[in-house]
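A.B. asks: turn this into a structure:
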Amino acid sequence: MTLDNLVHLAAMSGGILYLMALLLLIALAVSIERFWALSRMLGQGKSWVRALKSHKHLDHQAVDALVKRDPASPFAQVAAVALTHDMNDPLDHFNAQLDEAVMDQAPRTDRGLWALDTIVTLAPLLGLLGTIIGMFNTFSALSNPGAQTHAVTAGVGEALVATAAGLFIAIVGLITFNALNQRVRLVMHQLDRIKVILMNRMYPHYREGGVRPVVVAQGGQAVRPTVQPSNMLQQKMA
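C.D. replies: Numbers count the residues shown, from 1 in each chain. A predicted model of the protein is given here:
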C-alpha cells in the first residue's frame, strides 16, 4: 500500500485514521515503558524477598543495609518504615504504617495504565465514527449523475478500514493491558510479602526482648523461660 493510498483512506475517514495512528503510538510507548519498569520491579522484589528471608531475625542494621543498597525501589520505601518506627508501639500500629507505605507505592506501579485502558475503549468507537463518515462520503456519490456501482462498493470497503484499524488497536491494547495488570498484581503481592516478612522477623523479637535463651532444667531437659505478655496483649487475651 502506497503513501497516496494511505492518505486517501485517511481522507475517507474524515481524518480519524490520523488520530488512530497517534493513539497507536501512545499505546506502544506506554506498553514498552511499563513492561520495562514492571519487569525491573519484579526483579527487585525477588531479590528483596530472598535477602529478607535469608535472616531468621532482622534488626535495624540489616534492614538499613538493604535500603541503602537500592533506596529508589518501592520495596526500599516500604522497608524504610521499619527504620523509623518505634518497636515499643503496638503491633497494630506497625502493621498500619506498613500498609500505608504499600498503598503509597500503588500509583507508582500502575502509572500510565489509565491511558492504555482509555485507548482500548476509544479506538473501536473512533473506528466506527471514521466508517460512518466514509459511508456518508460514499453514498453522497450516488447523487451524482452517472455514478457507477463498483465505485460505491469500493468506497464502502475503504470506509470499513477505519473500523478494522480501531479493532486492531483495541485487541493489541487489551492483551497488553491485561498482561501489565498481571505484573502490577505480582509487584503488589511482593510488597505485601515484604510487609509480612518485616513484621514476622523484626517486631516480635523487639517486643519480647530478643530470642529467649535455652535453659537446662533439673533432669537435663531443655526448656525456654516463659515470657509474660505485655499489657496490651493481656488486654486482648482477657
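A.B. asks: for the residue nearest to the spatial centre of the chain, which three-state class applies?
C.D. replies: Central residue of the chain (Cα atoms, centre = their mean): Val184, 2.7 Å from the mean position. What DSSP: H, G, I helix; E, B strand; the rest coil gives for Val184 is helix.
A.B. asks: on the pLDDT front, check it for me.
C.D. replies: Note for Val184: predicted pLDDT of 95.
A.B. asks: so how far is the helix or strand where Phe139 lies off the chain centroid?
C.D. replies: Secondary structure assigned from DSSP states H and E places Phe139 in helix 113-140. How far helix 113-140 lies from its chain's middle: 28 Å, per Cα atoms, centre = their mean, to the nearest Å.
A.B. asks: for that helix, packing partners?
C.D. replies: helix 3-12, helix 16-53, helix 149-201 (3 or more Cβ pairs under 8 Å, 6 or more residues apart in numbering; DSSP states H and E). Where you see a C-beta, it was placed from the backbone N, CA and C, and this is true even at glycine.
A.B. asks: quick one, what contacts the closest residue to Ala162 other than its chain neighbours?
C.D. replies: Nearest residue to Ala162, sequence neighbours excluded (Cβ to Cβ, 6 or more residues apart in numbering): Gly130, at 2.9 Å. If you count contacts by Cβ atoms under 8 Å, 6 or more residues apart in numbering, Gly130 has them with Ser13, Gly14, Ile16, Leu17, Met20, Ala159, Ala162, Thr163, Ala165, Gly166.
A.B. asks: how much space between Gly130 and Gly166?
C.D. replies: 7 Å (Cβ to Cβ, to the nearest Å).
A.B. asks: what touches both of the two?
C.D. replies: In contact with both Gly130 and Gly166: Met20, using Cβ under 8 Å, 6+ apart.
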